[in-house]
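A.B. asks: Kindly generate the corresponding structure for this input.
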Amino acid sequence: MSKIRIYDPAMCCATGVCGPSVDPELTRVATAIFLLEKKNIDIVRFNLGSEPQAFIDEANVQELLNTKGTDALPAVIVDGEVKLAGRYPTNEEFADWADVPVRELTKTENKSKGIELL
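C.D. replies: As a prediction, the model looks like this:
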């Protein structure tokens, strides 16, 4: 099973899905992560604003920050390898790394199964 780590830029809360103006991309990512966690996928998300030590501890992220600055965030490390820098994964990428069908990472699929999201 893959080990997925997401390193977010500094945000107001753990998911960035708060405040008066919610970014739909952050909502999509939060939903995908929630659904993967429910499937016991090893996925963890770190926020630069509240968990800076995680960024220091991960050499790949430290290197990205040294070369590209915070424009490299969000960064995604899968099994110790940098997979993305500067954008969030698509649902297809999440599904590929987690070895699950992409349809299982959408609200529509899970609402029909009676799962309440957000």
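
A.B. asks: for the closest residue to Val29 other than its chain neighbours, what are its contacts?
C.D. replies: Distances taken as CB to CB, 6 or more residues apart in numbering place Tyr88 nearest to Val29, at 4.8 Å, with adjacent residues excluded. (Each C-beta comes from the backbone N, C-alpha and C, glycine too.) Tyr88 sits next to Ile6, Glu25, Leu26, Arg28, Val29, Pro74, Val76 when contact means CB atoms under 8 Å, 6 or more residues apart in numbering.

A.B. asks: Got the confidence number for Tyr88?
C.D. replies: In this prediction, Tyr88 carries a pLDDT score of 97.

A.B. asks: How about the secondary structure of it?
C.D. replies: For Tyr88, the secondary structure call by DSSP: H, G, I helix; E, B strand; the rest coil comes out as coil.

A.B. asks: just the buried members of the contacts of Tyr88?
C.D. replies: The neighbour count (16 or more other CB atoms under 10 Å) marks Ile6, Leu26, Arg28, Val29, Pro74, Val76 as buried among the contacts of Tyr88.

A.B. asks: Using CSV, lay out those together with pLDDT.
C.D. replies: Converted to CSV, the buried ones among the contacts of Tyr88 look like this (pLDDT from 0 to 100):
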residue, pLDDT
Ile6, 97
Leu26, 90
Arg28, 92
Val29, 94
Pro74, 97
Val76, 98
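
A.B. asks: Kind regards, and thank you for your time.
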